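[1] output the structure for:
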Amino acid sequence: MRFVALALCLGLAATGAEAQDSETLADIRQDLSILKGSLLGLKQELNTTGASDVQVSGSMLDRVNAIESELQRLTARSEELQHRIDTVVEDGSNRIGDLEFRLCELEPGCDIGSLGDTPLLGGAAGVPAAPAPSPAPATGGGSGDLPAGGAELAIGERTDFQNARDALDSGDYETAASGFEAFRQSYPGSPLEPAALLAEGRALTAIGDIREAARRFLDTYANYPEAEAAPEALWRLGAALGELGSLNEACVTLGEVSTRYPGTPAVSEAQAESERLGCQ
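    Numbers count the residues shown, from 1 in each chain. Next comes the predicted model:
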């Protein structure tokens with residue numbers, strides 16, 4: 001794609017994943033233990049206590065009615081429990097798959113492609129196997145917003161992101177840039193990473209570090225092309241290239257916005273920037 005030229009222009013080089021400390025690895029392993037413990041607790045709920053409040057007495061008709069009523073109650077309860085078990089197994093399997101993926105990212109020499117499908121917790125049947133998670137597409141709001149969906153976030157993850165976002169909104173761009181950088185290092189693979197990259201790029205633009213800002217915008221688009229933040233990142237990348245004097249690359253990039261993301265607000269922004277730069 002044309003972004004090879006952009007990478008050369010910016011002097012961008014692919015870098016490996018940053019090493020993580022042992023505390024982060026321990027936290028992930030602890031999460032795995034908690035999830036498996038939750039499953040064991042659920043299994044214990046299925047064990048009988050030996051107590052029963054079922055009373056069947058009276059005439060033949062009364063006993064038949066009582067048995068029928070109790071069967072209906074037990075059927076409804078069993079269906080409720082089955083649904084709950086299936087939900088817990090599917091959710092737990094997906095979470096473990098996600099944790100295993102993140103753990104593999106952090107451990108040197110781990111091949112993500114060899115992870116395969118995550119086995120269902122407890123070997124349960126009737127629930128589709130949970131596929132190993134993929135790093136993209138990730139969800140993250142445009143302009144550095146928190147995602148509107150129910151993305152699973154670690155303790156403190158939403159707070160740290162919002163603190164950096166508040167600094168950006170208040171015009172404290174130095175704090176915002178360092179806050180989003182620290183967020184990405186603390187929560188690698190976070191659902192908020194594309195939004196954090198975009199917001200960090202905006203903060204860097206505001207303090208005049210256009211080259212680093214362009215790198216953040218390119219990382220957002222290249223790594224998370226389907227994220228909500230990607231259209232804005234692409235037009236801001238074009239604008240940054242224009243600021244750096246790479247007019248041809250800037251015009252090409254801005255032209256890609258309407259092709260790649262038609263109907264998004266980023267299209268009008270890209271068109272306005274193209275006119276300002278005098279793109280043909």
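
[2] where does Arg158 land on pLDDT?
    Looking at Arg158, its pLDDT reads 88.

[3] what of the one 4 residues further on?
    We have a pLDDT of 93 for Gln162.

[4] Glu68 versus that one, what's the distance?
    In this view, Gln162 and Glu68 are 55 Å apart by Cβ to Cβ, to the nearest Å. Every C-beta, even on glycine, is put in place using the N, C-alpha and C of the backbone.

[5] and for Asp160?
    57 Å.

[6] look at the two and report which has more neighbours.
    Neighbour count, other Cβ atoms under 10 Å: between Asp160 and Glu68, Asp160 has more, with 20 against 10.

[7] ok so Gly263 is a strand residue?
    No: assigned with DSSP: H, G, I helix; E, B strand; the rest coil, Gly263 falls outside any strand and is coil.

[8] buried ones in stretch 259-271?
    Tyr261, Thr264, Ala266, Val267, Glu269, Ala270, Gln271 (16 or more other Cβ atoms under 10 Å).

[9] count the residues that sit near the closest residue to the first one other than its chain neighbours.
    Which is Tyr261. Among residues not flanking Tyr261 along the chain, Pro231 sits closest, at 3.9 Å (Cβ to Cβ, 6 or more residues apart in numbering). By other Cβ under 10 Å, 25 other residues sit near Pro231.

[10] from Gly156, how far off is Pro231?
    In terms of Cβ to Cβ, Pro231 sits 29 Å off from Gly156.

[11] do Thr87 as well
    The value you get for Thr87 to Gly156, if Cβ to Cβ is used, is 26 Å.

[12] could you do Gln82 as well?
    35 Å.

[13] let's verify Gly171: helix, strand, or coil?
    coil.

[14] show me what contacts it?
    Ala206 (Cβ atoms under 8 Å, 6 or more residues apart in numbering).

[15] that one and Ala214: what is the separation?
    Gly171 is 21 Å from Ala214, by Cβ to Cβ.

[16] with Glu275 instead?
    The value you get for Glu275 to Ala214, if Cβ to Cβ is used, is 20 Å.

[17] in the helix or strand harbouring Ala167, what's buried?
    Using DSSP states H and E, Ala167 falls within helix 157-169. Neighbour-count burial for helix 157-169, counted by 16+ other Cβ under 10 Å, picks out Glu157, Asp160, Phe161, Asn163, Ala164, Arg165, Ala167, Leu168.

[18] nearest to Arg236, of those residues?
    Nearest to Arg236 out of the buried residues of helix 157-169 is Leu168 (Cβ to Cβ; 13.8 Å).

[19] what pLDDT does the model give the residue lying closest to that closest one once chain neighbours are set aside?
    Of all residues beyond its chain neighbours, the one nearest Leu168 is Ala176 (3.8 Å), with distances taken as Cβ to Cβ, 6+ apart. In this model, Ala176 is scored at 95, pLDDT.

[20] wait, a helix at Pro191?
    No: if the criterion is three-state DSSP, then Pro191 is coil and not within a helix.

[21] I'd guessed it sits against Arg158; true?
    No: with contacts counted by Cβ atoms under 8 Å, Pro191 stays clear of Arg158, the gap being 10.2 Å.

[22] could you chop the protein up by domain?
    With domains defined by automatic domain parsing, the chain comprises 22-35+58-123, 136-277.

[23] can you tell me which of the ones you listed the model trusts least?
    Ranked by mean pLDDT, the domains of the chain bottom out at domain 22-35+58-123, with a mean of 66.
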